[in-house]
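Trainee: pasted the sequence and its predicted model underneath.
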Amino acid sequence: MIKRALPTIVSSALAIHIILTALDNLPDGRASIGTRLPFFRSLPQWRFFAPNPGVENVHLFYRTRAAFNEWAPWSEISFRNPLRWYSLAWNPRSRAPKALFDTAQQLRVLAGYGASYEWAVESNAYKLIESVVATRVAAESKSAVPFQFMIMISAPGKGREGLQPILVSQETSKAPDE
């Protein structure tokens with residue numbers, strides 16, 4: 001009887017362990033079992049891009065100077081790329097959002113290592129993001145209007161407490177081709 005039960009117990013325990021590990025490693029951590037049940041804190045944590053796993057989201061916001069010299073509300077330029085059924089094999093639309101994400105991440109690294117604001121403003125990453133925002137603003141307003149952009153990070157599942165500004169640009173009114 002034990003000879004028959006042992007393989008079932010071992011395979012069931014292994015299956016449960018794999019399922020719990022997969023749930024505990026979901027990107028947003030909403031189903032983190034280790035934080036809810038101390039017994040499961042020993043589940044392995046697998047993250048991509050070690051040693052700096054992608055456990056935060058990067059957001060790019062911009063605003064324009066509206067009528068009467070007041071700032072319009074912040075709007076987000078999304079990095080998201082809608083997935084299609086074939087995206088696993090072919091997803092060329094992911095290149096632009098990935099480049100924008102990587103550029104924002106570079107500015108985050110500059111800010112994190114204490115680079116001066118003047119140095120960050122002269123970086124290629126800053127100029128590229130400024131150009132993307134200028135293109136968006138020009139498309140919306142049909143002219144060059146003053147704008148600012150802001151890069152923020154957020155930790156999923158932490159709500160407003162997880163938001164942290166990384167860089168706020170100076171006011172500019174560059175046209176997209178400048």
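Mentor: Thanks, I have it.
Trainee: burial count for the closest residue to Val168 other than its chain neighbours?
Mentor: Spatial nearest neighbour of Val168, excluding adjacent residues (Cβ to Cβ, 6 or more residues apart in numbering): Met150 at 4.6 Å. C-beta coordinates here come from the backbone N, C-alpha and C atoms, glycine included. Residues lying near Met150 (other Cβ atoms under 10 Å) number 17.
Trainee: any idea how far Met150 is from Val133?
Mentor: From Met150 across to Val133, the span is 10 Å (Cβ to Cβ, to the nearest Å).
Trainee: quick check: neighbours shared by these two?
Mentor: Common contact partners of Met150 and Val133 (Cβ atoms under 8 Å, 6 or more residues apart in numbering): 60, 62, 169.
Trainee: so which of those is the closest to Gly159?
Mentor: Leu60 (19.9 Å; Cβ to Cβ).
Trainee: partners of the one helix or strand that closest one maps to in the sheet?
Mentor: Per DSSP states H and E: Leu60 is located in strand 57-64. Applying DSSP bridges to the sheet, strand 57-64 is found paired with strand 75-77 (antiparallel), strand 147-154 (antiparallel).
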